[in-house]
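Q: Got a predicted model here, sequence first, then my questions.
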Amino acid sequence: MSQSFDVAVIGAGPGGYVAAIRCAQLGLNTVCIDEWKNLQGKASLGGTCLNVGCIPSKALLESSENYERVAHKYSGHGIKVEGLSVDIPMMLSRKDKIVTAFTSGIAMLFKKNKVSSIHGRGTLVKDKDDKKPWKVKVKSGDEEETIEAKYIIIATGSTPRQLPFVAVDNERVLDNEGALALVEVPKRLGIIGAGVVGLEMASVWRRLGSEVTILEALPEFLSVVDEQVAKEAHKIFTRELGLEILTGIKLIEIKTGKKTVIVKYLDAQARAKKLEVDKLIVSVGRVPNTVELGAENVGLRIDDGGHIGVDSHCRTNLPNVYAVGDVVRGPMLAHKASEEGIAVAESIFANVEGQVRELTKLNLDIIPWVIYTSPEIAWVGKTEQELKTAGIKYKAGQFPFMANGRARALGETSGFVKVLADANTDRILGVHMIGPYVSEMISEAVMAMEFAASSEDIARIVHAHPSLSEVLHEAALGVDKRALHI
Ligand code: FAD
Ligand code: NAI
């Protein structure tokens, strides 16, 4: 007889594993099905984020930035290091240890919370009797079993978008997985796509010594980011970090040779150009993953972009079937996936309990973004260009890190914070940051916006001195033209 559960979660990335834990915390008998295997062929929970995304990329960003600091920045502090060298295999093994600690940590969390875990690919199976619970076939190698569940949460994530020109082999042409596992520093590194993955990977390998050229199709650099922040970032990445960033290009052909990759493209002036590199990273976005999920077996609605269609509560078109994370609309971010997972778990619990209350849902307008370059870029809410397009009248306050004592002490003075507030109500509409550790600072802005704060609210809050957070404080004061230190 097949095992029966209250909830079956398909996918153990940050959307799925968090949903499973929350369901179990609420007393629901929960199973989480995941097919991920690491390079050693072992089952590894945590999805893209823990295995080949957020965590390993941040480990390498930190290691390479430490190298950059010692090589180029510490001498300004009077610290001189001779005979500096970098041990890439050790850097990679440190990263791998961090990944293993977290992926095996999820297995422990599952045990602690009594979440059943099954390794294998989950496929939804049609049952002739609509009154029966949902059935999921789980296949791993030659083994197959079918489980039943009253509720299904699909959290199957996303995979890298492929280019028609060339196949990723993770030898010479790399996706994020290959880009995080290079055993030596390529002399010449090409990157297709100046998005989040492209810029983070460019930072790692440029700092370690590669000559990096990025080819971006769009005419503007970082078009999703506030224009002024994007301009500042472009200046720093090209002049200080030494990235070559070419925008407005059109790819013509990519050819892989024995030792190099040749990319033929038209530049922004439509002139034919050629780039020869030792390794090429393809980072042109990600696509929702519904491969062999069995959507067609059960009539699950997939939209034109390949996402599973959901409403604001992550409900699909099928009763008791939810979907969260990268596989549904909205930003492809780990924290967005996890918070949707929690909201769905609580909605299911309310349903099981027969509670009549408003279902939990995520406010997709207030999701923080961070790009972990140096300086970091972080934002929440609307950009200036979005406010202008929408015809919303706003006031802006801005303050540079150069005028902040803590930033000076750190020796990290590039960038600024900008606060955008409604011209009539003073309610904060967006906060944009480029500078040191803004990944940590953005949470204050998120909290303020969730509580519908005004710029005056932040201006009146006491901020510790000296701290980087004073830059946000001063930017908020600046909305009312009363910044003190500029
Ligand atoms: P995923 O993490 O993709 O997990 C889906 C899981 O489901 C996988 O384990 C997959 O094997 C499994 N699966 C799929 N189909 C099936 C099936 N049919 N049966 C069983 N299992 C299945 N986001 C951030 O917020 N911050 C960052 O710093 C950040 N850095 C990133 C760096 C890189 C290089 C990349 C590529 C992404 C990064 N992201 C980051 C994005 C983040 O990784 C994703 O948004 C997040 O992982 C999405 O979570 P998810 O649970 O929806 O899906
Ligand atoms: P992306 O959407 O951020 O950037 C892709 C870039 O490639 C875009 O600028 C696009 O214009 C460009 N592009 C597309 N087709 C092209 C072509 N044919 N030629 C040249 N350029 C082309 O996607 P990316 O970088 O692959 O990352 C995927 C997602 O993963 C991100 O959008 C984000 O959601 C997530 N992520 C988040 C991180 C974070 O939070 N720090 C880090 C890395 C990834």
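A: Happy to help now that I have it. Ligands and ions are numbered 1, 2, ... in the order given.
Q: Please give me every residue in contact with the spatially most central residue of the chain.
A: With distances taken as Cα atoms, centre = their mean, Leu333 lies nearest the centre of the chain, 4.0 Å away. The contact partners of Leu333, by Cβ atoms under 8 Å, 6 or more residues apart in numbering, come to Ile367, Trp369. For every residue, glycine as well, the C-beta is placed using N, CA and C.
Q: now the one 5 residues further on
A: Listed by Cβ under 8 Å, 6+ apart, the contact set of Ser338 reads Pro14, Gly15, Val18.
Q: measure it to Ala179 for me?
A: 24 Å (Cβ to Cβ, to the nearest Å).
Q: Kindly report the same for Ile254.
A: 16 Å.
Q: Against which helices or strands is the longest helix along the chain packed?
A: Assignment by DSSP state H gives helix 88-113 as the longest helix of the chain. For helix 88-113, the elements it packs on are helix 16-25, helix 47-52, helix 54-68, strand 116-119, judged by 3 or more Cβ pairs under 8 Å, 6 or more residues apart in numbering; DSSP states H and E.
Q: For ligand 1, find the nearest of the ones you listed.
A: With Cβ to the nearest ligand atom as the criterion, ligand 1 lies closest to helix 47-52 of the helices and strands packed on helix 88-113, at 2.4 Å.
Q: Show me the contact partners of that closest one.
A: So helix 47-52 is contacted by 11-17, 34, 36, 38, 44, 53, 55, 99, 102-103, 106, 155, 157-158, 176-177, 180, 326, 334, 337 (Cβ under 8 Å, 6+ apart).
Q: Does ligand 2 have contacts with it?
A: No - residues of helix 47-52 are not located near ligand 2 by Cβ under 6 Å from any ligand atom, the shortest gap being 8.3 Å.
Q: and the end-to-end length of stretch 126-145?
A: Start and end residues of stretch 126-145 are separated by 15 Å (Cα to Cα, to the nearest Å).
Q: Show me what it is in contact with.
A: 2-4, 8, 10, 33, 35, 118-125, 146-152, 294, 297-298, 320-321.
Q: are any of these buried, and which?
A: Burial by neighbour count, judged by 16 or more other Cβ atoms under 10 Å, picks out 8, 10, 33, 35, 118-124, 147-152, 294, 298, 320-321 from those.
Q: Take those and keep only those in strands.
A: 8, 10, 33, 118-119, 121-124, 147-152, 321 (DSSP state E).
Q: three-state assignment of whatever residue of the stretch 301-450 of the chain ends up closest to ligand 2?
A: Relative to ligand 2, the nearest point of the stretch 301-450 of the chain is Met332 (3.4 Å; Cβ to the nearest ligand atom). Under DSSP: H, G, I helix; E, B strand; the rest coil, Met332 falls in the coil class.
Q: quick one, what contacts it?
A: Ser158, Arg286, Asp326 are the contacts of Met332 under Cβ under 8 Å, 6+ apart.
Q: does the last one sit in a helix, a strand or a coil?
A: The one in question is Asp326. Three-state assignment for Asp326 (three-state DSSP): helix.
Q: Give me the nearest residue to it, chain neighbours excluded.
A: Ser158 (3.7 Å; Cβ to Cβ, 6 or more residues apart in numbering).
Q: burial measure for the one you found, as a count.
A: Using other Cβ atoms under 10 Å, Ser158 is surrounded by 22 other residues.
Q: go on, the one 3 residues further on?
A: Arg161 is surrounded by 13 other residues when neighbours are defined as other Cβ under 10 Å.
Q: Please apply the same query to Leu50.
A: Neighbour tally, Leu50, other Cβ under 10 Å: 26.
Q: How far away from the center of its chain is stretch 360-372?
A: Mean-position distance between stretch 360-372 and its chain equals 11 Å (Cα atoms, centre = their mean, to the nearest Å).
Q: now the end-to-end length of that stretch.
A: 30 Å.
Q: do the same with stretch 478-486
A: 9 Å.
Q: so what's Ala181 up against?
A: Each residue near Ala181 by Cβ under 8 Å, 6+ apart is listed here: Leu39, Leu92, Asn170.
Q: Lowest-confidence member of those residues, which is it?
A: Of all the contacts of Ala181, Leu39 has the smallest pLDDT value, namely 88.
Q: Helix, strand or coil: sort out it for me.
A: Following three-state DSSP, we place Leu39 in the coil state.
Q: again with Ser439
A: helix.
Q: Double-check it against Tyr372; I have them as touching.
A: Yes - counting by Cβ atoms under 8 Å, Ser439 touches Tyr372, with 6.5 Å between them.
Q: Skipping adjacent residues, who's closest to the residue of the stretch 301-450 of the chain closest to ligand 2 in space?
A: Of all residues not flanking Met332 in the chain, Asp326 sits nearest, at 4.5 Å (Cβ to Cβ, 6+ apart).
Q: Now for that neighbour: which residues touch it?
A: Here Asp326 is in contact with Gly13, Gly15, Thr48, Gly157, Ser158, Arg286, Pro288, Asn289, Met332, Ala337 (Cβ under 8 Å, 6+ apart).
Q: farthest-separated two in those?
A: Gly15 and Arg286 (13.7 Å; Cβ to Cβ).
Q: quick one: which of the helices and strands packed on helix 88-113 is nearest Phe399?
A: helix 54-68 (24.2 Å).
Q: so that closest one versus helix 88-113, what angle?
A: On the basis of axes from the mean of the first three to the mean of the last three Cα atoms, to 10 degrees, helix 54-68 is oriented at 150 degrees to helix 88-113.
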